[in-house]
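>>> Pasting the sequence and the predicted model now:
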Amino acid sequence: MADINIVQEHHLAPEQARAAAQQVADKLAEQFELACRWDGDVLRFERSGVNGALTLRPNQAQLQIALGFPVSMMAGMVEAKVAEKMRRVFVA
């Protein structure tokens, strides 16, 4: 099992941060066939072998992903792509 933890600072209004988080989730859902749902300010996603959450806080987005065995072999690539996407969408 591999874990990915990414913290991205931002200066977005809450509704802009939520839209940015949704863009990240949409990309993850497309690439890994994830089911996503909002639970307050936490966007949860999962599928067999992958689960995680993107938590929105004032001036910060925190992404935590747990990868099961087959997907964990791609952890470095997944982390790099997700970190880049978060950098792009959380810039105002």
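Ah, there it is. These figures come from a predicted structure and were not determined experimentally.
>>> What count of nearby residues applies to Phe45?
Each residue near Phe45 was counted by other Cβ atoms under 10 Å, and the total is 20. No exception for glycine: its C-beta is placed from N, CA and C like everyone else's.
>>> Correct me if wrong: it contacts Gly52.
Yes: under the criterion of Cβ atoms under 8 Å, Phe45 lies in contact with Gly52, with a separation of 5.9 Å.
>>> What part of the protein, helix or strand, is modelled with the least confidence?
Using mean pLDDT, DSSP states H and E, the weakest-scoring helix or strand in the chain turns out to be helix 69-72, at a mean of 83.
>>> How far off centre is that one?
17 Å (Cα atoms, centre = their mean, to the nearest Å).
>>> Can you name every helix or strand that the longest helix seen in the chain contacts?
Ranked by residue count, the top helix of the chain under DSSP state H comes out as helix 14-32. Packing contacts for helix 14-32, counted by 3 or more Cβ pairs under 8 Å, 6 or more residues apart in numbering; DSSP states H and E, involve strand 35-39, strand 42-47, strand 50-57, strand 60-67, helix 75-89.
>>> ok, the fourth one: who's next to it in the sheet?
Okay, so that is strand 60-67. Based on DSSP bridges, the pairing partners of strand 60-67 within the sheet are strand 2-9 (antiparallel), strand 50-57 (antiparallel).
>>> show me the contacts for Trp38.
Arg44 (Cβ atoms under 8 Å, 6 or more residues apart in numbering).
>>> Pairing partners for it in the sheet, please.
The residues paired with Trp38 through beta bridges, assigned by DSSP bridges, are Leu43.
>>> Count the neighbours of the nearest residue to Val91 once chain neighbours are set aside for me.
What sits nearest to Val91 in space, not counting adjacent residues and going by Cβ to Cβ, 6 or more residues apart in numbering, is His10, at 7.4 Å. With neighbours defined by other Cβ under 10 Å, the count for His10 comes to 21.
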